[in-house]
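> I'd like to go over a predicted model; first the sequence, then the structure.
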Amino acid sequence: MSHSFTASSRWVALALLATTQFFLILDTAIVLVALPSIGNDLNFAPENLSWVVNAYMLTFGGLLMLGGRAADLLGRRRLFMIGLILFAGASLAGALATSALWLIIARSLQGVGAAIVSPAALSLVMTLFTVPAERNKALGIWVSVAGMGAAAGAILGGFLTEWFGWQAVLWVNVPIAVIAVALAPRFLPEGRSEVRQRSFDFGGAITVTGGLAVLIYALVDAGKAGWGSGQTLGLLGLAVALLIAFVTIEARSAQPLIPLRIFRLTALRNANLLTLLATSSMFSLFFFLTLYSQQVLGYTPIQAGLVQLPVALAFAFLATPVSKLVTRIGYKVPSVTGLLLMGAGLLWFSRIPADGTYLTDVMAPSLLATIGATFAVIPLMIAATSRVSDNEAGLASGLINTTQQVGGALGVAVLTTLATSVTTNALTDGTNAPQAMTDGFSAGLMGAAGIVWGAALLAILLFARRRGGTSSDITAETSDTTQEELSRERVATLA
């Protein structure tokens, strides 16, 4: 990294990187309120319409680890720009789509671009901000902006769909990506790893990417195929086999895609596990909130989007206080507190009636859940990325981003299947449609609350194994393993 970057220019760079991440996460949710219009215009079969969302999540989640390691080896700014160009091109292609298959392919390519951009951007944040307090603040802003993107997707999607048509939810990405590519050479460092070794672990890349892609595909399609079907069980078995092969390859590789030693970092390991559980419920909250407001309460796309405005504002206003709190007392207490609050909000939301009101049945519980999510996810993101060397910043960022996407896909797949099952049974018993859908959403939200409270209990058990709190959680502990391996790499380079 160039030492010419001043304090002010680093924060300008953060603004550019965070804005880009905002749009990457926004694209996961922005099409939700546009799905009915897309289905009508492109003649989607009802059972295939969900792939407008799933195609993006599939490639985004499946390729993140590959994107993160490529950023470390080939240059973070370079990969950031290449990924944005691909993302913009795919967005343009999707907006011009005239068939269902065309749009699904374009959404898949959007996910590929996002998987290249996201870990490169986060690892640039980590290399730009090396002082623990500043890095924690920057990561807090990063997480909050990403959370705002998830919430704002429905808001922006509602306005664009109602005013300009569904194509606008894809057009909107193009000028943002073009501007970001133009500004990147001026405001971003190249950010390439200092280690000169440029060999690439293709066996590891193929098996982990294939394993994650197959896993996500199995999860998102299980609702249609059936959890006990031969297709689902076969795909899950294939995913497990590929991931086992990946671990075997990494253990034997001289230059692994993911050095397994990184999982000896207790904070990184715990943070990724807890993030997997937290994001599975957080993504489901946005999903059920959008559907309940439109399908049960009868809101228009714009009204359904505005329902999530308080959620977006909560992420925005809490980012800095939470990151400062982590710097002061560590990540353990805030993350456990956040998980408990998030579970309480989800349980409250699960009590929704078919004739619910906005303030007491929608805004209040979703806001409580969002506050909890902010207190949980920001500390966990900091914990997952703060103890790795600069040479492996892309690796750590790719890992936590993968965890978030896989968690989101898992949560939506499992909890949507639960909700659909409850709704179907209610309709069979003669319950009217609004009440049947409400019963399904309630079951899904209750399941989400159970997952989060399970995560809180797991966090308490994991943290109890290592006593000590305060700021040593993040800033004072140095990974002997990481430093030892980094020293070996530098000796090998000199030799």
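Perfect, thanks for sending it.
> Once you drop chain neighbours, what's closest to residue 291?
Nearest non-adjacent residue to residue 291, counting by C-beta to C-beta, 6 or more residues apart in numbering: residue 441, 6.7 Å away. Where you see a C-beta, it was placed from the backbone N, CA and C, and this is true even at glycine.
> scratch that, residue 302 is what I was asking about
residue 158 (4.5 Å).
> what's the answer for residue 363, then?
Closest to residue 363 by C-beta to C-beta, 6+ apart is residue 310, at 5.6 Å.
> Could I get the pLDDT score of that neighbour?
Note for residue 310: predicted pLDDT of 83.
> cool, and residue 475?
44.
> Ok, residue 194 next?
Looking at residue 194, its pLDDT reads 52.
> repeat for residue 296
91.
> ok, it - contacts?
Neighbouring residues of residue 296 by C-beta atoms under 8 Å, 6 or more residues apart in numbering: 354, 356, 434, 437-438, 441.
> Among the residues you listed, which one has the most neighbours?
The most neighbours of any of those, using other C-beta atoms under 10 Å, belong to residue 441, which has 27 neighbours.
> re earlier: measure how far the helix or strand harbouring the residue nearest to residue 291 is from the centre of its chain, please.
If you go by DSSP states H and E, residue 441 is part of helix 433-464. From the chain centre to the centre of helix 433-464 is a distance of 19 Å (C-alpha atoms, centre = their mean, to the nearest Å).
> Can you name every helix or strand that it contacts?
Other elements packing on helix 433-464 under the criterion 3 or more C-beta pairs under 8 Å, 6 or more residues apart in numbering; DSSP states H and E are helix 266-291, helix 332-349, helix 393-428.
> Can you say which of those is nearest to residue 8?
With C-beta to C-beta as the measure, helix 393-428 is the member of the helices and strands packed on helix 433-464 nearest residue 8 (22.1 Å).
> ok, and for the closest one, which residues are buried?
393-420, 422-423, 426-427 (16 or more other C-beta atoms under 10 Å).
> What mean pLDDT does it get?
82.
> ok, now stretch 362-378?
Mean predicted confidence for stretch 362-378 is 92.
> How about stretch 169-183?
On average, stretch 169-183 scores 93.
> What are the buried residues along that stretch?
169-174, 176-177, 180-181, 183.
> How far away from the center of its chain is it?
Here the centre of stretch 169-183 is set off from its chain's centre by 20 Å, with C-alpha atoms, centre = their mean.
> likewise stretch 307-324?
17 Å.
> got a list of contacts for it?
So stretch 307-324 is contacted by 136-137, 139-141, 143-145, 147-148, 151-152, 154-155, 286, 289-290, 293, 299, 334, 358, 362-363, 366-367, 370-371, 374-375, 378-379, 382 (C-beta under 8 Å, 6+ apart).
> what's around the residue nearest to residue 302, how many residues?
28.
> Report the secondary structure state of residue 431.
Classification of residue 431 using DSSP: H, G, I helix; E, B strand; the rest coil returns coil.
> switch to numbering from 7
Sure thing, new numbering starts at 7, so read that last one as residue 437.
> Test for you: state the pLDDT assigned to the residue lying closest to it once chain neighbours are set aside.
What sits nearest to residue 437 in space, not counting adjacent residues and going by C-beta to C-beta, 6+ apart, is residue 445, at 7.0 Å. pLDDT recorded at residue 445 is 95.
> my guess is residue 445 contacts residue 426, does it?
No - the criterion here is C-beta atoms under 8 Å, and residue 445 misses it with residue 426 at 11.1 Å.
> What residues sit buried inside the helix holding residue 447?
Buried residues in helix 439-470 (16+ other C-beta under 10 Å): 441-455, 457-459, 461-462, 464-465, 468-469.
> picking that back up, looking at the buried residues of stretch 175-189, which are in helices?
175-177, 179-180, 182-183, 186-187, 189 (DSSP state H).
> helix or strand for residue 253, which one?
Counting by DSSP H and E, residue 253 is part of helix 236-258.
> Using PDB, write down the CA coordinates of that helix.
Provided in PDB are the C-alpha atoms of helix 236-258 (Å, rounded to 0.1, in the frame of the first residue of the first chain):
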ATOM      1  CA  GLY A 236     -33.300 -37.900  -4.200                       C
ATOM      2  CA  GLN A 237     -32.300 -34.600  -5.800                       C
ATOM      3  CA  THR A 238     -31.800 -32.700  -2.600                       C
ATOM      4  CA  LEU A 239     -30.100 -35.600  -0.700                       C
ATOM      5  CA  GLY A 240     -27.900 -36.300  -3.700                       C
ATOM      6  CA  LEU A 241     -26.800 -32.600  -4.100                       C
ATOM      7  CA  LEU A 242     -26.100 -32.300  -0.400                       C
ATOM      8  CA  GLY A 243     -24.000 -35.500  -0.500                       C
ATOM      9  CA  LEU A 244     -22.100 -34.100  -3.500                       C
ATOM     10  CA  ALA A 245     -21.500 -30.800  -1.700                       C
ATOM     11  CA  VAL A 246     -20.200 -32.600   1.300                       C
ATOM     12  CA  ALA A 247     -17.900 -34.800  -0.800                       C
ATOM     13  CA  LEU A 248     -16.500 -31.700  -2.600                       C
ATOM     14  CA  LEU A 249     -15.900 -29.800   0.600                       C
ATOM     15  CA  ILE A 250     -14.100 -32.900   2.100                       C
ATOM     16  CA  ALA A 251     -12.000 -33.100  -1.000                       C
ATOM     17  CA  PHE A 252     -11.200 -29.400  -0.600                       C
ATOM     18  CA  VAL A 253     -10.000 -29.800   3.000                       C
ATOM     19  CA  THR A 254      -7.800 -32.700   1.900                       C
ATOM     20  CA  ILE A 255      -6.300 -30.700  -0.900                       C
ATOM     21  CA  GLU A 256      -5.700 -27.700   1.300                       C
ATOM     22  CA  ALA A 257      -4.000 -29.800   4.000                       C
ATOM     23  CA  ARG A 258      -1.500 -31.100   1.400                       C
END
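> That helix - contacts with which helices or strands?
Against helix 236-258 (3+ C-beta pairs under 8 Å, 6+ apart) you get helix 208-231.
> Please enumerate residues in contact with stretch 87-104?
26, 30, 48, 73, 108-109, 111-113, 115-116, 118-124, 126, 173-174, 176-177, 179-180, 183-184, 186-187, 190-191.
> Tell me where the model's unsure across the stretch 57-206 of the chain.
153, 157, 197-205 (pLDDT under 70).
> Contact partners for the residue nearest to residue 297?
294, 297-298, 302, 358, 425.
> cutoff 10 Å now
Residue 447 is in contact with 290, 293-295, 297-298, 301-302, 355-356, 358, 360, 421-422, 425, 428-429, counting by C-beta atoms under 10 Å, 6 or more residues apart in numbering.
> how far out from the middle of the chain is stretch 179-197?
Relative to its chain's centre, stretch 179-197 lies at 21 Å (C-alpha atoms, centre = their mean).
> Can I get that stretch in PDB, CA atoms only?
C-alpha atoms of stretch 179-197 as PDB (Å, rounded to 0.1, in the frame of the first residue of the first chain):
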ATOM      1  CA  ASN A 179     -26.400  -0.400 -11.100                       C
ATOM      2  CA  VAL A 180     -24.800   0.700 -14.300                       C
ATOM      3  CA  PRO A 181     -24.000   4.300 -13.600                       C
ATOM      4  CA  ILE A 182     -22.800   3.500 -10.100                       C
ATOM      5  CA  ALA A 183     -20.400   0.900 -11.300                       C
ATOM      6  CA  VAL A 184     -19.100   3.100 -14.100                       C
ATOM      7  CA  ILE A 185     -18.400   6.000 -11.600                       C
ATOM      8  CA  ALA A 186     -16.700   3.600  -9.100                       C
ATOM      9  CA  VAL A 187     -14.400   2.200 -11.800                       C
ATOM     10  CA  ALA A 188     -13.500   5.800 -12.900                       C
ATOM     11  CA  LEU A 189     -12.700   6.800  -9.300                       C
ATOM     12  CA  ALA A 190     -10.800   3.700  -8.300                       C
ATOM     13  CA  PRO A 191      -7.400   4.500  -9.700                       C
ATOM     14  CA  ARG A 192      -7.400   7.900  -8.000                       C
ATOM     15  CA  PHE A 193      -8.600   6.900  -4.600                       C
ATOM     16  CA  LEU A 194      -7.700   3.300  -4.100                       C
ATOM     17  CA  PRO A 195      -4.200   1.700  -3.500                       C
ATOM     18  CA  GLU A 196      -3.300  -1.400  -5.600                       C
ATOM     19  CA  GLY A 197      -3.300  -3.400  -2.400                       C
END
